[in-house]
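Q: below is the sequence, then the predicted model.
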Amino acid sequence: MRAVLDPNVLIAALLSRTGPPARIVVRWIAGDFELVASETLLAELERALAYPRLRERISPDEASTFVSLLTEAALVAADPANPERRSVDAGDDYLLALAEAERAVLVSGDRHLLELTDRFPVQAPRDFVELLERL
């Protein structure tokens, strides 16, 4: 199974080591699924981790180490060119296109994306953890 983790899920994994996002990252490291990323996703994550409010809780070294881990260990796929408009937030369309192109589930806590579960394979972190536990 493949999954694209929205940057908000990856950040949440760093902020709380016991919540569903952290459990997802642990399951990925254990080899329970293949993590798919892209240059755009990694750049968005890196930008967000540099925000002052996140720097208060996630050190620059921790952020850098995490992005390096993802870059080296995840499948870094090509960004889909000109993703089709599907979400209320156009900035999220690349995530849907990436998941579709890579035949992956998109795991997100973003309500705009979760509203699309009837049309796209989008799951909340808690639901994805439950799916992994059933495998």
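A: All right, it came through fine.
Q: how about the helix or strand of the chain with the lowest mean pLDDT, which residues are buried there?
A: Across the helices and strands of the chain, the lowest-confidence element by mean pLDDT, DSSP states H and E is helix 111-114, at a mean of 90. Applying a neighbour-count criterion of 16 or more other CB atoms under 10 Å, one finds Leu113 buried in helix 111-114. Heads up, the C-betas are built off the backbone N, CA and C, glycines and all.
Q: ditto for stretch 57-72
A: Ile58, Ala63, Phe66, Val67, Leu70.
Q: returning to that earlier point: moving C-terminal of the least confident helix or strand of the chain, what's the next helix or strand?
A: strand 122-123 (DSSP states H and E).
Q: buried residues in the helix or strand harbouring Ile11, which are they?
A: If you go by DSSP H and E, Ile11 is part of helix 7-15. By neighbour count on 16+ other CB under 10 Å, the buried set for helix 7-15 is Pro7, Asn8, Val9, Leu10, Ile11, Ala12, Ala13, Leu14.
Q: which element follows that helix toward the C-terminus?
A: Next along from helix 7-15, by DSSP H and E: helix 20-29.
Q: how about residues contacting that following helix?
A: 3, 5, 9-10, 12-13, 16, 33, 35, 73-74, 107, 109, 124-126, 128-129, 132 (CB atoms under 8 Å, 6 or more residues apart in numbering).
Q: 7 Å instead, please
A: 5, 9, 12-13, 16, 33, 35, 107, 125-126, 128-129, 132 (CB atoms under 7 Å, 6 or more residues apart in numbering).
Q: list buried residues within the residues you listed.
A: Applying 16+ other CB under 10 Å to those flags Leu5, Val9, Ala12, Ala13, Phe33, Leu35, Val107, Pro125, Phe128, Val129, Leu132 as buried.
Q: looking at these, which are in helices?
A: Within the buried ones among the contacts of helix 20-29, residues falling in helices by DSSP state H are Val9, Ala12, Ala13, Pro125, Phe128, Val129, Leu132.
Q: format these as TSV; extra columns: pLDDT.
A: Formatted as TSV, those follow (pLDDT from 0 to 100):
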residue	pLDDT
Val9	98
Ala12	97
Ala13	97
Pro125	98
Phe128	97
Val129	97
Leu132	95
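Q: name the nearest of those relative to Gly91.
A: Val9 (15.4 Å; CB to CB).
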